[in-house]
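J.: Generate coordinates for the sequence data below:
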Amino acid sequence: MLQGTPSVVVIDTQGRVRLHHFGHLDDLRLGTLLGQLLAEPVPATAEAGPARRRLRRQRLPAPRHAPAMNATPPQPLGRLRAVLTGRALPYTRPGSRSAIAKQARGGPVGAGPLGLDGDEQGDPRVHGGPDKAVHCYAWAQYAPWRQELAGNAAAQALLEQPGAFGENFSLDGLQESQVCIADQWQIGSARFEVSQGRQPCWKLNDRFGVPDMALRVQSSLRTGWYLRVLQGGQVQAGDQVWLLARPHPEWPITRLLRAIAERDCTPATLRQILALPLPPSWHKLFSRRLENASAEDWTSRLVGRQP
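T.: Model (predicted):
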């Protein structure tokens with residue numbers, strides 16, 4: 001057997017113990033195949049009985065970050081409409097830089113711990129990093145924005161194709177109310193985890209030519225959300241989004257975004273939120289609300305320094 005080749009002991013229909021080798025399969029395919037093998041009936045023979053008991057006692061360790069595949073099979077959630085990346089360039093205000101103007105990519109694109117190959121961030125202090133590796137935005141949310149900004153020609157031009165909000169993944173079939181904190185996804189050969197919702201900044205104001213665009217996005221709860229990369233791989237437009245695990249179904253991204261936008265400082269609510277697997281920035285935000293019984297100041301984020 002080659003070192004690193006996945007294998008498992010199973011009992012065939014004659015009660016004989018066999019060693020199966022699967023080659024170099026990814027975790028999703030291997031988990032599904034193991035579930036099928038272990039679910040096959042085993043004859044209650046004298047030979048099979050002890051071996052089957054030993055097999056039950058010696059459960060295979062789950063791969064890192066893998067969901068309990070024997071609990072629920074992967075569920076289709078949506079599909080990648082577009083994969084987008086951009087380079088950081090000088091932006092609208094003195095000294096500012098941004099990679100918000102992203103372009104759709106053709107063919108496979110690599111995804112790693114810090115995001116997509118070829119993607120950059122203008123201000124690494126507040127953008128990018130492992131907890132903001134990939135920004136997602138629902139294509140379905142473009143329609144209400146086109147209606148709301150009907151008199152703005154520049155905004156209408158931006159909203160004709162994915163990328164208006166600087167997203168990396170434009171998604172069909174998904175929006176904030178259908179995505180939960182810590183959801184695990186498989187897209188292409190990469191695995192992701194929903195890390196947090198987006199807190200929009202002033203760069204949206206300048207991009208759309210709407211002075212309060214960032215506040216509108218925050219108040220609408222149509223902000224998009226971020227993914228961290230659990231397992232690197234390749235993705236491309238058209239890939240199916242598979243739900244592998246949903247440990248917190250009672251906490252869709254909209255619920256957390258609403259708590260932020262409505263300045264919720266209810267201690268019971270904040271304690272529930274702080275029990276979730278939050279990224280450090282959100283844990284700090286909600287901890288301060290609990291300590292101070294007041295919400296944070298959004299001025300610098302939503303308005304920024306005026307030119």
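
J.: Show me what the helix or strand containing S300 is packed up against.
T.: Secondary structure assignment for S300, by DSSP states H and E: helix 299-302. Taking 3 or more CB pairs under 8 Å, 6 or more residues apart in numbering; DSSP states H and E as contact, the helices and strands that helix 299-302 lies on are helix 213-220. The C-beta positions use only the backbone N, C-alpha and C, and glycine is treated the same way.

J.: How is the chain partitioned into domains?
T.: Following automatic domain parsing, one finds the domains of the chain at 7-57, 75-254.

J.: how far out from the middle of the chain is the longest one?
T.: Okay, so that is domain 75-254. On the basis of CA atoms, centre = their mean, to the nearest Å, domain 75-254 sits 9 Å off its chain's mean C-alpha point.

J.: picking up where we left off before, JSON lines please, covering the domains of the chain and showing mean pLDDT, distance to P279 and mean neighbour count.
T.: Listed next are these as JSON lines, based on pLDDT from 0 to 100; distance: least, CB to CB, whole Å; neighbours: other CB atoms under 10 Å:
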{"stretch": "domain 7-57", "mean pLDDT": "39", "distance to P279": "24", "mean neighbour count": "14"}
{"stretch": "domain 75-254", "mean pLDDT": "97", "distance to P279": "4", "mean neighbour count": "19"}
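
J.: hmm, back to that, name the residues of the helix holding S300 that come out as buried.
T.: Under the neighbour-count criterion of 16 or more other CB atoms under 10 Å, helix 299-302 has R301, L302 buried.

J.: And for stretch 252-261?
T.: Going by neighbour count (16+ other CB under 10 Å), the buried part of stretch 252-261 is P252, I253, T254, R255, L256, L257, A259, I260, A261.

J.: Of the domains of the chain, which is nearest R301?
T.: Proximity to R301 (CB to CB) singles out domain 75-254 among those, at 5.1 Å.
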